[in-house]
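>>> sequence plus the predicted model coming up.
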Amino acid sequence: MSKRNPEYDFVWCPGCGDFGVRRALEFALKDYITEHEKPHSHNVIVAGIGCSGNMVHLIEGDQPFGIHGIHGRTLPIALGIKSSRPDLNTVIVAGDGDFLSIGAEHIGPAAQRNLDVTCVIMDNGVYGLTKGQSSPTSDIGMITTSTPHGKIEVPVSPLNHYLTVGVSYIASYYSSKPKILAKFIKEAMDHRGFSIVHVQSPCTTYNDTYDLLKGKPKEGIPGLAWDIPDDHDPNDLSSALNLIQKPGIPLGLIYKMEGKTLEDRQQEIRNKVSEKTVESTLSEYII
Amino acid sequence: MQKKDFVIRFAGEGGQGLVTSADALARAATSAGYFTQTFSTFPSQIMGGPASSQVRISTSPVLSSGDGVDVLVALNQYAYDHHEQDLVENGVTIYNAEEYTLPDGGNYFGIKADEIAKSTGNARAANMVTIGAVANLIDFSLTEVDNFIKKRFNRGRDNDSEIIRANIESVRLGAEVASQSGFSVGKLDNPVKPDYEQIMVTGNSAISLGALSAGLDYYVGYPISPATTILVWMENNLIGSNKFAYQVSSEIESINAIIGAGYAGKKAMTATAGPGIALMSEGLGLAWMAEIPLVVVDVQRGGPATGLPTKSEQSDLFACMHPAHGDVKIPILAPGSVEECFYAAALAVNWAERYQGPVILMSEMAQADRGENIPKPNLDKIKVESRNVYSGDNGFKRYQSWDGTNELTPMPIPGGSGAYVANGSEHDEIGDTTHLPIHHIRLTERRFNKLKLLDGAHYEIENENSQLIISPWGSSKGPSREAYERLLDDNYDIGWIYSVALNPIPEEVFEALKKSKCVLVPELNYQGQWSSLLRQDGIKAQSVIKYDGTPFRPGELIKEITRIFDKERKK
């Protein structure tokens, strides 16, 4: 997109994790389109506000359909798209600030509906676009422009939050390996239900966590990120809950539960209640 | 004594069947060929609390809830004490003799409705005892009440005939009590039965039906008085293979969900009241900016904050016209009767599709739940407009600059061609974010130019060269019209200008208002919101205001209008 339009004036900083997430999303979309024989036009990207939301403009190749809306409201916009057009593959791209602070009120209801949309959440632990304020996932004590004396609240634990409100597909990964990340995003698109791929996507300007995540193996410093063991059963809620209590950033599929979606339940109502014409409804009022 | 109309009010506590009684009487009278309008007022609680429900019955279309009460049915002492002053001269009260007594000698008599109903073998027929008494007082045909009862209780159950018998007997016994009291409040002229099919409908049901008739296929909402009945209506009636009606978790979800559905190609709507409009303001700005068709219904109530959830006010006009930050002016339709609610809702859906943007339909508490008999709309004659959908090659310029002289650029729909980003940030013609001045200039102009597409709303201009022009908006139309007609009868040099569309105002209406020397705007708010917007446009307007939570009465309007009339004449 940006290549096509020289006037488009937004750029990510060099090294931004969002570049990797973009590549992963491009891979996932390509695979999804090929596998499901769905034309490109049946994929809609709903973007939050923040650095990550600009993904909707920066995706390379064919222009997808998308909405770049208002801060925090990706989920209700996606609800409107998916509930009115179940044929559309609806993908949310948003950051931790957009999704977990102003937009957090919508996660629970979306989970209870089991709304069949896929969220790709880019977590950098900071508000980057507004130049470095503390975010819901910033650590306690962290010095930012809005917490000059240190952040005085504990960070939200996104994975615990997702799991306990009933999100039906949860994966956690980081931006550095787009090919593997793409596999989880594609899996989340395939999952019938509310899916979230939570991605550590470091901000090289305000909160560069690359080294923290990977550690320095040569110097014997372990990274925060750790691979989820092969024997983890993602269909088991209590093992998933136990798994994410371990400190650090798990990499892989945490939880996956098949169940009825909002669309399924709506269809059950349609099957149960007979369709009414406007004329027949109007006639009920004849006196 | 021949009368043109009667007002019968049932007052007591919420949950005592007040609305049922008024509704029953209205239906019986409508079946007999009269015009009726009901009106109810109640507190914001599930049960109990002082409440009342009334019906006005007339030989001509009913414009307002009237000035006084001809027959008051007071179910408790409190109800009598608080409604007695509304009785007209020679008005009669029927009091609930099982609950309290009144000293001898007044214009009233007691009735033991429960006891009488029990004697017929059906304790639930107490309100029919009262209706029988009322019918006797206004000399209304008991046969018509019988016909209503037969229709109401003919439900195909084994005990239908027994219920019908007990109810008819209750009516007779109630009429007998009234007859023995010796009171009468007069007699209505014989009705002229309309030669067209009629429906009995509330304002909120009319809005719902109107939106459906224009092809609405998506509705979400959040419960809020007095708009909840629209959500409930949609859940029960907007059903079908590509239809969706659903309760979401807040008004913020409502507006953003209909943005998503509108973007995805659907005719989408939500309904709310003032607090919901406040929460939707950012979303309405997005719909204006990204050019998404959708309709928001604001059933106004008293504000600000939680305000008066079940009372009348027209104080959301500023909030609806300019809900969002930035350069925004949302198209507004404000119907002034139950019938107009139907047609304005259909037009709101059409407008949204036509200009590709948000439209607000403003109704109001007093209009929302009141019932009226109106001609049954002919669905074949409802114009159904659908957006012009893009079907060309990809690489479409969705947001081309547009001056209103040619056809508006079509809208691509996901699944089709012309993929683009509907962008809430300022954008260039393909939808990419931009900060360049030229794009903000072009697209701001495009968004305002699109308002030129919005015409076809109902308006009325009469005697526009008169000394004084009455120009109400929304639900104040009825009482204002009644006041206007009575003043005309008294030979006042007075004119009438009324428009359902407040933004944009039809050109003819605007020109007529502009020519007028004095425009009086009856409206239910403190600031005189509509007249102040008219003054911004150079119209010599002033408001007649009321802000006590109740609608205008024609009599109080006449008093105020004649006062201003005399003042203007002395100038």
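Noted; the coordinates are in hand.
>>> what about B:Glu93, helix or strand, and which?
Check again: residue B:93 is Thr, not Glu. Per DSSP states H and E: B:Thr93 is located in strand B:87-96.
>>> name the helices or strands packed onto that strand?
Using 3 or more C-beta pairs under 8 Å, 6 or more residues apart in numbering or on different chains; DSSP states H and E as the contact test, the elements touching strand B:87-96 are strand B:69-74, strand B:108-111, helix B:126-137. Placement of C-beta: from N, CA and C, glycine included.
>>> leaving out chain neighbours, which residue sits closest to the residue of the stretch 151-287 of chain A found nearest chain B?
For the stretch 151-287 of chain A and chain B, the shortest gap (C-beta to the nearest C-beta) falls at A:Tyr285, measuring 3.8 Å. In space, and not counting its chain neighbours, A:Tyr285 is closest to B:Ile199: 3.8 Å by C-beta to C-beta, 6 or more residues apart in numbering or on different chains.
>>> and the helix or strand hosting that neighbour, what does it pack onto?
B:Ile199 belongs to strand B:198-202 when assigned by DSSP H and E. In terms of contacts (3+ C-beta pairs under 8 Å, 6+ apart), strand B:198-202 is packed against helix B:18-31, helix B:338-355, strand B:371-375.
>>> need the winner for burial among these.
Most buried of the helices and strands packed on strand B:198-202 by mean neighbour count (mean count of other C-beta atoms under 10 Å in any protein chain shown) is helix B:338-355; its value is a mean of 26.
>>> follow-up on the earlier one: could you dump the strand holding B:Ile199 to CSV, C-alpha only?
Provided in CSV are the C-alpha atoms of strand B:198-202 (Å, rounded to 0.1, in the frame of the first residue of the first chain):
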residue,chain,number,x,y,z
GLN,B,198,-56.6,1.4,10.1
ILE,B,199,-53.8,0.2,12.4
MET,B,200,-53.6,0.9,16.1
VAL,B,201,-49.9,1.5,16.9
THR,B,202,-47.5,3.2,19.3
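>>> quick one, strands of the stretch 351-500 of chain B?
B:358-364, B:371-375, B:421-423, B:459-462, B:468-470, B:494-499 (DSSP state E, counting those that start in this stretch).
>>> other residues contacting the strand holding B:Ile199?
A:282, A:285-287, B:26-27, B:30, B:209, B:229, B:338, B:342, B:368-377 (C-beta atoms under 8 Å, 6 or more residues apart in numbering or on different chains).
>>> what's the burial count for the residue nearest to A:Tyr285?
23 (other C-beta atoms under 10 Å in any protein chain shown).
>>> give me the residue from chain B nearest chain A.
Counting by C-beta to the nearest C-beta, chain B gets nearest chain A through B:Gly260, at 2.3 Å.
>>> in JSON lines: the helices and strands packed on strand B:198-202, plus distance to chain A and mean pLDDT.
Formatted as JSON lines, those follow (distance: least, C-beta to the nearest C-beta, whole Å; pLDDT from 0 to 100):
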{"stretch": "helix B:18-31", "distance to chain A": "5", "mean pLDDT": "94"}
{"stretch": "helix B:338-355", "distance to chain A": "9", "mean pLDDT": "98"}
{"stretch": "strand B:371-375", "distance to chain A": "6", "mean pLDDT": "95"}
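>>> A:His198 is nearest to which of these?
helix B:338-355 (36.9 Å; C-beta to C-beta).
>>> which of the residues in stretch B:55-75 are buried?
Of the residues in stretch B:55-75, B:55-59, B:61-67, B:69-75 count as buried by neighbour count, 16 or more other C-beta atoms under 10 Å in any protein chain shown.
>>> just the mean pLDDT for the lengthiest helix in chain A, thanks.
What stands out as the longest helix in chain A, according to DSSP state H, is helix A:17-36. What helix A:17-36 shows for mean pLDDT is 96.
>>> so which of the strands of the stretch 351-500 of chain B comes closest to A:Ser157?
So among those, strand B:421-423 is nearest, using C-beta to C-beta, at 32.4 Å.
>>> give me the spatial nearest neighbour of B:Thr433, chain neighbours excluded.
Per C-beta to C-beta, 6+ apart, closest to B:Thr433 is B:Ser425, 4.3 Å.
>>> how about B:Ile539, phi and psi?
Backbone geometry at B:Ile539, expressed as degrees, to the nearest 10, gives phi -90, psi 140.
>>> report the angle between the strand holding B:Ile199 and strand B:371-375.
150 degrees (axes from the mean of the first three to the mean of the last three C-alpha atoms, to 10 degrees).
>>> follow-up on the earlier one: contacts only, for the residue of chain B closest to chain A.
Going by C-beta under 8 Å, 6+ apart, the list of residues near B:Gly260 reads A:46, A:67, A:76-82, A:84.
>>> go again with 10 Å.
A:44, A:46, A:67, A:69, A:73-85, A:88, A:90, B:218, B:220, B:266, B:268, B:292, B:294, B:422 (C-beta atoms under 10 Å, 6 or more residues apart in numbering or on different chains).
>>> just the buried residues from those, in ChimeraX please.
Typed into ChimeraX, the line below selects the buried ones among the contacts of B:Gly260, using 16+ other C-beta under 10 Å:
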select /A:44,46,67,69,73,74,75,76,77,78,79,80,81,82,83,84,85,88,90 /B:218,220,266,268,292,294,422
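>>> of the contacts of B:Gly260, which belong to helices?
A:74-84.
>>> intersect those with the contacts of chain B.
A:74-84 (C-beta under 10 Å from any C-beta of the partner chain).
>>> that older thread, what's the average pLDDT for the strand holding B:Ile199?
On average, strand B:198-202 scores 96.
>>> residue contacts, the residue nearest to the spatial centre of chain B?
The residue lying closest to the centre of chain B (C-alpha atoms, centre = their mean) is B:Gln367, at 2.9 Å. Contact analysis of B:Gln367 by C-beta under 10 Å, 6+ apart lists B:39, B:202-204, B:206-207, B:226, B:299-300, B:312, B:334-338, B:340-341, B:474-478, B:551.
>>> give me the spatial nearest neighbour of B:Asn503, chain neighbours excluded.
B:Asn503 sits nearest to B:Ile332 (C-beta to C-beta, 6+ apart), 4.6 Å away.
>>> would you list the phi and psi of the one you found?
phi -130, psi 130.
>>> around it, how many other residues sit close by?
B:Ile332, neighbours per other C-beta under 10 Å, totals 24.
>>> ditto for B:Phe448
Quick note: B:Phe448 (other C-beta under 10 Å) scores 15 neighbours.
>>> pretty sure it is touching B:Ile441, no?
No - counting by C-beta atoms under 10 Å, B:Phe448 sits too far from B:Ile441 to count as a contact (11.4 Å).
>>> distance of B:Glu176 from B:Phe6?
Distance of B:Glu176 to B:Phe6, given as C-beta to C-beta, to the nearest Å: 20 Å.
>>> these two: which is more packed in?
B:Phe6 (27 against 15).
>>> that one - that's part of a strand, no?
Yes - assignment of B:Phe6 by DSSP: H, G, I helix; E, B strand; the rest coil places it within a strand.
>>> that one contacts B:Lys187, doesn't it?
Yes - contact status for B:Phe6 versus B:Lys187: in contact at 9.5 Å, counting by C-beta under 10 Å.
>>> nothing else from me, thank you.
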